[in-house]
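Participant: below is the structure, and that's it, no one-letter string:
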């Protein structure tokens, strides 16, 4: 993953785009790309595999740039969040249910 | 990254949540989490570093689950998308500009 | 407003699009259009007035269709929500502050 | 509708919140509320009618504030957009199809 992250950041650097990539703008960009991913499912649950993976990649690319700007390691923040989710969603309470933790 | 991805998927499996994780529902979930990330910047560009990294982690966690459901490798789809972006945004045309490729 | 709402609904009816307009799909559509509106501000707070009003209109059009599908009157649900917001945000506590009601 | 719009704007004015309501921040807010509406349908298409109407009202309230900040009349921008949509989606080409205009 390190090489891929490096490439994503280099792509931005080569284009001198860091000036636009404040965390706030990246948060907007992640929402915008997430909506393009959602658009693949706008009217039904069928989808074009290729389109969906491209839009998903766009979301992840902005997430990588956001993590870089925040100076955090992606694996580390995922693991921290899963630690927290394990406490919020104990297996015995949440198994097979899609309820939010505050409604379990 | 492999170990982290495994842990994310195991978390879901342990809770029997795969039944909810159709690509369409994951696309909705990514948009929902992206908006929670955006909410950290709703009224200004200052932000709580801890909140932001947690919300960012939530977005990435759902992206990992989506990639799994689509049976694609995250690094591979990122690299494919960067290949494409390099053609859409040649350095000499896009350097220092935030314009979309169709307005360059 | 009644004439305008009528026209919006007739537009859909003429195209036989009601079959796609389940509340869930309209919720996705509102998010998708909201993101297109957000895109007008992706990299800075300057904006093209014409673009922005068009995207805003798209959001409202889907909101009108959603209200119709839910069988609710737009003015009524707005007034109910403002009633509620007045309790959540008493003037003396919230004046000049952008904090959420649970942080006031 | 005029009375309702007046009330929405007065609510904001009473709280001195106009200072936060730049178009960019309202665009973020519309996306955030749209995602809360979407969350009512996150895992399936069943929904709580009351929750959904409240979230829908939140989206519309921010749209009203945005229109005010942009100095446009809501009915006027909707009608202009429908005019445009009628050209983009002629009945004979689009009837019964959920395709985007550029794929008709």
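Facilitator: Here it is on my side, so go on. Please read all numbers here as calculations on a predicted model, not as lab measurements. Numbers count the residues shown, from 1 in each chain, chains lettered A, B, ... in the order given.
Participant: quick one: name the residues of chain A near chain D.
Facilitator: Chain A comes close to chain D at residues A:28, A:31, A:42-44, A:98, as judged by Cβ under 8 Å from any Cβ of the partner chain. Glycine gets a C-beta too; all of them are placed from N, C-alpha and C.
Participant: of these, which belong to strands?
Facilitator: Assignment to strands by DSSP state E places none of those there.
Participant: of the residues you listed, buried ones?
Facilitator: Neighbour counting with 16 or more other Cβ atoms under 10 Å in any protein chain shown marks A:28, A:31, A:42-43 as buried within the residues of chain A next to chain D.
Participant: make JSON lines out of those and add distance to chain B and pLDDT.
Facilitator: Shown next, in JSON lines, are those (distance: Cβ to the nearest Cβ, whole Å; pLDDT from 0 to 100):
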{"residue": "A:28", "distance to chain B": "7", "pLDDT": "98"}
{"residue": "A:31", "distance to chain B": "4", "pLDDT": "98"}
{"residue": "A:42", "distance to chain B": "10", "pLDDT": "97"}
{"residue": "A:43", "distance to chain B": "11", "pLDDT": "95"}
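Participant: filter those by proximity to chain C?
Facilitator: Among these, the residues within reach of chain C (Cβ under 8 Å from any Cβ) are A:28, A:31, A:42-43.
Participant: where's the residue of chain A most remote from its centre relative to residue B:16, distance?
Facilitator: Relative to the C-alpha centroid of chain A, counting by Cα atoms, centre = their mean, residue A:92 is the outermost residue, at 27.8 Å. Separation of residue A:92 from residue B:16 (Cβ to Cβ, to the nearest Å): 12 Å.
Participant: the residues of chain A next to chain D in helices, which ones?
Facilitator: A:28, A:31 (DSSP state H).
Participant: name the nearest of the residues of chain A next to chain D relative to residue A:75.
Facilitator: Ranked by distance to residue A:75 (Cβ to Cβ), those are led by residue A:31 at 23.4 Å.
Participant: ok, for that closest one, nearest residue in space, not its chain neighbours?
Facilitator: Distance criterion Cβ to Cβ, 6 or more residues apart in numbering or on different chains; nearest residue to residue A:31, sequence neighbours excluded, is residue B:34 at 4.4 Å.
Participant: burial of residue A:97, as a residue count?
Facilitator: 15 (other Cβ atoms under 10 Å in any protein chain shown).
Participant: so who does it touch?
Facilitator: residue A:104 (Cβ atoms under 8 Å, 6 or more residues apart in numbering or on different chains).
Participant: so which helix or strand takes in the residue in chain A that chain C sits nearest to?
Facilitator: Using Cβ to the nearest Cβ, the closest approach of chain A to chain C is made by residue A:35 at 3.2 Å. Element membership of residue A:35 [criterion: DSSP states H and E] is helix A:23-39.
Participant: which other residues reach that helix?
Facilitator: Helix A:23-39 is touched from outside by A:52, A:55-56, A:58-59, A:62-63, A:65-66, A:69-70, B:27-28, B:30-31, B:34-35, B:37-38, B:40-41, B:45, B:47, B:52, B:59, C:28, C:31-32, C:34-36, C:38-39, C:41-44, D:28, D:31, with contacts defined as Cβ under 8 Å, 6+ apart.
Participant: and the longest helix along chain A, anywhere near chain C?
Facilitator: Secondary structure of chain A per DSSP H: the longest helix is helix A:49-70. No - Helix A:49-70 lies out of reach of chain C by Cβ under 8 Å from any Cβ, never closer than 10.7 Å.
Participant: is chain B within reach of that helix?
Facilitator: Yes - between helix A:49-70 and chain B, judged by Cβ under 8 Å from any Cβ, the touching residues are A:49, A:52-54, A:56-61, A:63-64, A:66-67, A:70.
Participant: which one of these sits closest to chain B?
Facilitator: Comparing these against chain B with Cβ to the nearest Cβ places residue A:57 closest, at 3.8 Å.
Participant: the closest one touches residue B:73, doesn't it?
Facilitator: No - counting by Cβ atoms under 8 Å, residue A:57 sits too far from residue B:73 to count as a contact (10.9 Å).
Participant: who has more neighbours out of those two?
Facilitator: Taking neighbours as other Cβ under 10 Å, residue A:57 and residue B:73 compare with residue A:57 leading, 25 against 13.
Participant: per-residue pLDDT, the closest residue to the more buried one other than its chain neighbours?
Facilitator: Leaving out its chain neighbours, the residue that sits closest to residue A:57 by Cβ to Cβ, 6+ apart is residue B:81, at 3.8 Å. If you check residue B:81, the pLDDT there is 97.
Participant: cool, the one 5 residues further on as well?
Facilitator: Predicted confidence (pLDDT) for residue B:86: 95.
Participant: cool, residue A:104 as well?
Facilitator: We have a pLDDT of 82 for residue A:104.
Participant: for residue A:45, same thing?
Facilitator: For residue A:45, the predicted pLDDT is 89.
Participant: surely it touches residue B:22?
Facilitator: Yes - the pair residue A:45 and residue B:22 passes the contact test of Cβ under 8 Å, sitting 6.4 Å apart.
Participant: the two: which is more packed in?
Facilitator: Ranked by neighbour count (other Cβ under 10 Å), residue A:45 and residue B:22 place residue B:22 first, with 16 against 12.
Participant: low-confidence stretches in chain A?
Facilitator: Scanning chain A for pLDDT under 70 picks out no residues.
Participant: sorry, back to before: what about the residue nearest to residue A:57, helix or strand, and which?
Facilitator: Using DSSP H and E, residue B:81 sits within helix B:74-88.
Participant: list the contacts of residue A:65.
Facilitator: Residue A:65 makes contact with A:8-9, A:12, A:21, A:26 under the criterion Cβ under 8 Å, 6+ apart.
Participant: most surrounded residue in those residues?
Facilitator: The most crowded member of these, judged by other Cβ under 10 Å, is residue A:26 (25 neighbours).
Participant: could you measure residue A:100 against residue C:65, distance?
Facilitator: Going from residue A:100 to residue C:65 by Cβ to Cβ gives 28 Å.
Participant: could you do residue A:75 as well?
Facilitator: Taken as Cβ to Cβ, the span from residue A:75 to residue C:65 is 43 Å.
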